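Student: Show me the folded form of this:
(one chain, ligands or ions: 2)
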Amino acid sequence: MSREEPPPSAYHLCPGVLHIHTTYSDGTGRVSDVAQAAKRAGLRWIIITDHDDLRAATETGWYDGVAVLAGYEITPERNHYLVCGLDEVIPHTLPPAEYVRLVAEKGGLGFVAHPDEQVTHEYTRPFRWDDWSLRGFTGIELWNYMSEWIERYSRRRRYVNYFFPQLVIKGPTPATLAWWDRLAVEGWRPTGVVGADVHATKVRALGRTWEVFPYERVFRTLTDYLVLDRPLEAEFTAAASQILDALRAGRVIMANRTWGEAAGVRFEAHLPDGRQFTVGDEVPAVAPVTLLVHVPRRAHITLYRNGVPVTRVAGRTTLRMTTHDSGHYRVEARRWGHLWILTNHIHLGEKHER
Ligand SMILES: [Zn+2]
Ligand SMILES: [Zn+2]
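Tutor: Ligands and ions are numbered 1, 2, ... in the order given. The predicted model follows:
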């Protein structure tokens, strides 16, 4: 055990991927194929989100250790919205304020999809989220794999994009992160997630058929690690509730596994009386709080408070900081200059005493 090794964690990490298209809309894989790809990629859960279509809900359940849930993507011209936890499809013809309100009212979860897409080329148009003053959603898809890939696509760069996608997948836009941090400071705390938006589209080039990109390949990149109090239940309905509850509560640590597996990643707040808290939690007003970051490989680790960097370490696996300052803390870890891990916030209470 190295000197950096922290005390044992009270939590269970559960990796999964959301924002997935199947043959029920414009994806090329069936639900069972997609589940197998998830299994090979080491995932424990996935959420299928076809365009305005919930037929995948008839195929939910356990697939060889992978919990397969179904939601859908409300897909008008712009303002795409990922929905889960509902058994009805809210029509995309409604204005965004209305579908955001309806999903919440009916008890579903809603995530603003690829809000800051910046496509400027002729192949597609940007699908952006127009009204950044709107409230009432569960969370924001901060980082979307296919959306960022397409953004950086050009005819000249198409082979680089295809064979070295890791060079074009960089991270959430600064505007998206600033928006998310600002909402936390305002006292309203949307969950940050990463999304695959995988379709496994087949294209003809160089005399053969290519998949851009196969499900398994994308599943090995942007991953949402749920931070659970106990492992997933064996009974599917109970496990599905655990997954949705964690997403709702901000119990998510995001990773781009291109730069390393993130199993073992931790961001916790430890109190002197031994209580532990993690991402999404509100830490009660007792002082001092020790924030613990642990990543499974050496990295550049930066701790942010209310969107501003407060401390960083380089080439380490652990960062500790004891603080009296209330605020909304989150972590970014980079390897070789690339964003590897991005956590949700831990909220240190306002009544925090010195
Ligand atoms: Zn979309
Ligand atoms: Zn999509």
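
Student: Arg182 contacts Gly307, doesn't it?
Tutor: Yes. Arg182 lies in contact with Gly307 (C-beta atoms under 8 Å); the separation is 7.1 Å. Heads up, the C-betas are built off the backbone N, CA and C, glycines and all.

Student: Pick out whichever of the two has more residues nearby.
Tutor: Set side by side, Arg182 and Gly307 show unequal neighbour counts under other C-beta atoms under 10 Å, the larger going to Gly307 at 17 against 14.

Student: The more buried one: what's it in contact with?
Tutor: Applying C-beta atoms under 8 Å, 6 or more residues apart in numbering, we find Gly307 in contact with 177-178, 181-182, 185.

Student: do that again at 6 Å, thanks
Tutor: Counting by C-beta atoms under 6 Å, 6 or more residues apart in numbering, Gly307 makes contact with Asp181.

Student: Model confidence score at it, please.
Tutor: Gly307 carries a pLDDT score of 97 in this model.

Student: Return the distance of it relative to Arg330.
Tutor: Distance, Gly307 to Arg330, using C-beta to C-beta, to the nearest Å: 8 Å.

Student: Please enumerate the helices of the chain.
Tutor: 31-40, 96-105, 145-151, 158-163, 174-185, 215-219, 236-248 (DSSP state H).

Student: Which one, of these, ends up nearest to Gly315?
Tutor: Among the helices of the chain, helix 174-185 comes nearest to Gly315, with 23.8 Å by C-beta to C-beta.

Student: tell me, how many neighbours does the closest residue to Asp229 other than its chain neighbours end up with?
Tutor: Taking C-beta to C-beta, 6 or more residues apart in numbering, and ignoring the residues beside it in sequence, Asp229 has Tyr11 as its nearest neighbour in space, at 6.8 Å. Burial measure for Tyr11: 19 neighbouring residues, criterion other C-beta under 10 Å.

Student: got it, and Arg135?
Tutor: Other residues near Arg135 come to 13 when the count uses other C-beta under 10 Å.

Student: What sits closest to it if chain neighbours are left out?
Tutor: Spatial nearest neighbour of Arg135, excluding adjacent residues (C-beta to C-beta, 6+ apart): Trp188 at 6.4 Å.

Student: Considering only helices and strands, which part of the protein has the lowest mean pLDDT?
Tutor: Counting by mean pLDDT, DSSP states H and E, the weakest-scoring helix or strand in the chain turns out to be helix 158-163, with a mean of 71.

Student: which outside residues touch that helix?
Tutor: Taking contacts as C-beta under 6 Å, 6+ apart, the residues outside helix 158-163 that touch it are 153, 168.

Student: Only the buried residues of it, if you could.
Tutor: Neighbour-count burial for helix 158-163 flags Asn161 (criterion: 16 or more other C-beta atoms under 10 Å).

Student: circling back: distance to Thr323 added to the helices of the chain, as a markdown table?
Tutor: Compiled in a markdown table, those are given as follows (distance: least, C-beta to C-beta, whole Å):
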| stretch | distance to Thr323 |
| --- | --- |
| helix 31-40 | 38 |
| helix 96-105 | 33 |
| helix 145-151 | 33 |
| helix 158-163 | 42 |
| helix 174-185 | 16 |
| helix 215-219 | 36 |
| helix 236-248 | 25 |
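
Student: Redo those as JSON lines? Include distance to ligand 2.
Tutor: JSON lines is the format used below for those (distance: least, C-beta to the ion, whole Å):
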{"stretch": "helix 31-40", "distance to ligand 2": "14"}
{"stretch": "helix 96-105", "distance to ligand 2": "15"}
{"stretch": "helix 145-151", "distance to ligand 2": "7"}
{"stretch": "helix 158-163", "distance to ligand 2": "18"}
{"stretch": "helix 174-185", "distance to ligand 2": "17"}
{"stretch": "helix 215-219", "distance to ligand 2": "12"}
{"stretch": "helix 236-248", "distance to ligand 2": "17"}
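
Student: ranking these by mean pLDDT, which is last?
Tutor: Mean pLDDT per stretch puts helix 158-163 lowest among those, at a mean of 71.
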